[in-house]
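**Q** need a structure here:
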Amino acid sequence: MKKLIRTITTRTKLCSRFESGAMGQRSFLVAVLPLVLAMGLMWGPFGRGHKVIMTAASSVPSAKATVEVSHDRNKNTAVEMRVRYLAHPSALTPAEEVYVVWIQASGHAPENEGELHMDSNLKGEFKTPTPYKQFSIFVTAEQSAQVRQPEGQQVLTANVVE
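**A** Predicted structure coming up:
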């Protein structure tokens, strides 16, 4: 009987020590969590950047695209576009050969940034730097990647404002 009482007493002491330690940890988390969240909110805009969802044209209704903008080491805007479910340009009406990415700042002509390549799974990525902080970015279907101005139909579009 004494052994049983000793075992129960020992376990009770251990449980109360564990609970007070857990409460201490819980109090610590409650005190530190707001600080961590505040730092995350302050750091977020300066770190990774932000995403903009692109609008798909009615000719490619299943297309999904996002543009993530951040800053590179030269203080340019780094643009990273991710595209899914965009039909190959040859499947459009009229059929085209390539997709071209354009950036247009207010008061400027659109600039050909290059070709958006789509893989066999209808996925594509495109990265480019730009000196602009506010601009429109859009994708057109074209006969050639070397066009100097957009001639084909716009399939994706977004406005970026930092």
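
**Q** Poorly predicted segments of the protein, please.
**A** Within the chain, the segments meeting pLDDT under 70 span 1-48.

**Q** domains of it?
**A** By the record's domain assignment, the chain is partitioned as 2-45, 50-161 (automatic domain parsing).

**Q** Between its first and last residues, how far does the longest one reach?
**A** The separation between the terminal residues of domain 50-161, taken as C-alpha to C-alpha, to the nearest Å, is 10 Å.

**Q** Run the chain-centre distance for that domain.
**A** 15 Å (C-alpha atoms, centre = their mean, to the nearest Å).

**Q** returning to that earlier point: export the domains of the chain to JSON lines and tack on mean neighbour count?
**A** To be clear about C-beta, it is placed using only N, CA and C from the backbone, and glycine gets the same treatment. Shown next, in JSON lines, are those (neighbours: other C-beta atoms under 10 Å):
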{"stretch": "domain 2-45", "mean neighbour count": "10"}
{"stretch": "domain 50-161", "mean neighbour count": "16"}
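
**Q** State whether S120 is indeed within a strand.
**A** No - assigned with DSSP: H, G, I helix; E, B strand; the rest coil, S120 falls outside any strand and is coil.

**Q** what's the spacing between A56 and Y132?
**A** 23 Å (C-beta to C-beta, to the nearest Å).
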